[in-house]
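Participant: could you work out the structure for the sequence below:
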Amino acid sequence: MTAVNPKVSVIIVNWNTKPELERCLHALTGTEKSPGFEVIVADNSSDDGSVQMARSQFPGVVVLENERNCGFAGGVNMGMRNSHAPYILILNPDVALQKGVIGNLVEILESVPEAAAVSPRFLDEGGRPQTGYFRKLPSVGQILFFHTMLEKVSSRIPWFVNTWLEEVWDISTGPREVAQLPGACMLVRKDVLDIVGPMDERFFLFFEDVDWSFRMKAAGWKLMASDDEVLHSGGRSFEYTTSAWKFARFLLSLNMYMEKNGSPMQKVLSSFLTMGNSYLALFLRSMQKFVDSGEAREYAEQRIDAHRMFLRAMRNNASLGAPSGDKS
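Facilitator: Numbers count the residues shown, from 1 in each chain. Okay, the predicted model is just below:
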């Protein structure tokens, strides 16, 4: 699987996703051999036998082991430090590549020299296009309409979605420039790292790819979306985390992004909107517990836990690293 002088280094960050990792590696063995590629698995201290499986079934794969869960950005950066090709394909283990995709993505970057990176479209296991991966960069409007309780209404109004949330285009138009790329499958020029640096490991999870995209755009590079398609089963590592941790980690990373890249007013409004929404949600969910029972009451309690975790992290400036139960 590993070429002598690889053109592409495929980096897969793994944490307790043994079945998906095995499927992903099998799919890679069925892709084209030109351009040649090397495969690097950066494991974040899994305890499900992922490392043993990769080494025994795929001896050509380079397996790197972290002593603790360093997050997605930490795994990507470790893989990039050990890569040897001019192009880096960051790939989630729950993504299965079809034949020809790697070569097509390389051709796009070679034909658009001002492009730093390119990503394909995602299909679910039923072959249906997935949304939510080519979003516009975060803004106060996006936070207000899609990261508060207004989301239930805003998401049903196409104008709000098209204006504030997601890039939408006709698949027949071919590759096009977009605002950000998803870390689930992204081909990057390695020499771009000399200009923008690696992923910011402070994010741990969520928005590290958005921040990276922002830095590439700020440095004058283009980001491209391809009409190539890959199968994406979606977020399987999260099965090992609590929903409260995911919710809190997402909003914390969103605020970290705005704190790092936003204007002074955007920073203030981001914290005000997300924290204000959580305080309001706590009040409403607490009232809901008095009138609901069974599953509805249980759901209200779960949401209360999630908002409390986020608010504690914001008040205490906590990092919310590895989720509870992880051995790090």
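Participant: tell me who's in contact with the residue lying closest to residue 61 once chain neighbours are set aside.
Facilitator: Sequence neighbours aside, residue 39 is the residue nearest to residue 61 in space, at 4.6 Å (criterion: Cβ to Cβ, 6 or more residues apart in numbering). For every residue, glycine as well, the C-beta is placed using N, CA and C. By Cβ atoms under 8 Å, 6 or more residues apart in numbering, residue 39 lies in contact with 1-2, 10, 12, 25, 28, 58, 60-62.
Participant: compare the residues you listed and tell me which is most surrounded.
Facilitator: residue 10 (29 neighbours; other Cβ atoms under 10 Å).
Participant: my guess is that one meets residue 27, correct?
Facilitator: No: using Cβ atoms under 8 Å, residue 10 is not in contact with residue 27, being 10.8 Å away.
Participant: residue 79: which of the contacts of residue 39 is nearest?
Facilitator: Of all those, the one sitting nearest residue 79 is residue 12; the distance, using Cβ to Cβ, is 7.7 Å.
Participant: phi, psi for residue 215 please.
Facilitator: Residue 215 has phi and psi values of phi -70, psi -40 when expressed as degrees, to the nearest 10.
Participant: biggest helix in this structure by residues?
Facilitator: When the chain is parsed with DSSP state H, its longest helix is helix 264-291.
Participant: need the next SSE after it, C-terminal direction.
Facilitator: Sequence order places helix 294-316 as the next helix or strand after helix 264-291, per DSSP states H and E.
Participant: tell me what angle that next one forms with helix 264-291.
Facilitator: Interaxial angle, helix 294-316 versus helix 264-291 (axes from the mean of the first three to the mean of the last three Cα atoms, to 10 degrees): 150 degrees.
Participant: with just CA atoms, put helix 294-316 into PDB.
Facilitator: Provided in PDB are the C-alpha atoms of helix 294-316 (Å, rounded to 0.1, in the frame of the first residue of the first chain):
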ATOM      1  CA  GLY A 294     -40.900   9.300  30.800                       C
ATOM      2  CA  GLU A 295     -38.600   9.800  27.800                       C
ATOM      3  CA  ALA A 296     -39.600  13.500  27.400                       C
ATOM      4  CA  ARG A 297     -38.400  14.200  31.000                       C
ATOM      5  CA  GLU A 298     -35.200  12.200  30.500                       C
ATOM      6  CA  TYR A 299     -34.500  14.200  27.300                       C
ATOM      7  CA  ALA A 300     -35.000  17.400  29.200                       C
ATOM      8  CA  GLU A 301     -32.500  16.300  31.900                       C
ATOM      9  CA  GLN A 302     -30.000  15.400  29.200                       C
ATOM     10  CA  ARG A 303     -30.300  18.900  27.700                       C
ATOM     11  CA  ILE A 304     -29.900  20.400  31.100                       C
ATOM     12  CA  ASP A 305     -26.700  18.500  31.600                       C
ATOM     13  CA  ALA A 306     -25.400  19.600  28.200                       C
ATOM     14  CA  HIS A 307     -26.100  23.300  28.800                       C
ATOM     15  CA  ARG A 308     -24.600  23.200  32.300                       C
ATOM     16  CA  MET A 309     -21.400  21.600  31.000                       C
ATOM     17  CA  PHE A 310     -21.000  24.300  28.400                       C
ATOM     18  CA  LEU A 311     -21.700  27.100  30.800                       C
ATOM     19  CA  ARG A 312     -19.200  25.700  33.400                       C
ATOM     20  CA  ALA A 313     -16.500  25.400  30.700                       C
ATOM     21  CA  MET A 314     -17.100  29.000  29.600                       C
ATOM     22  CA  ARG A 315     -17.200  30.400  33.100                       C
ATOM     23  CA  ASN A 316     -14.100  28.500  34.200                       C
END
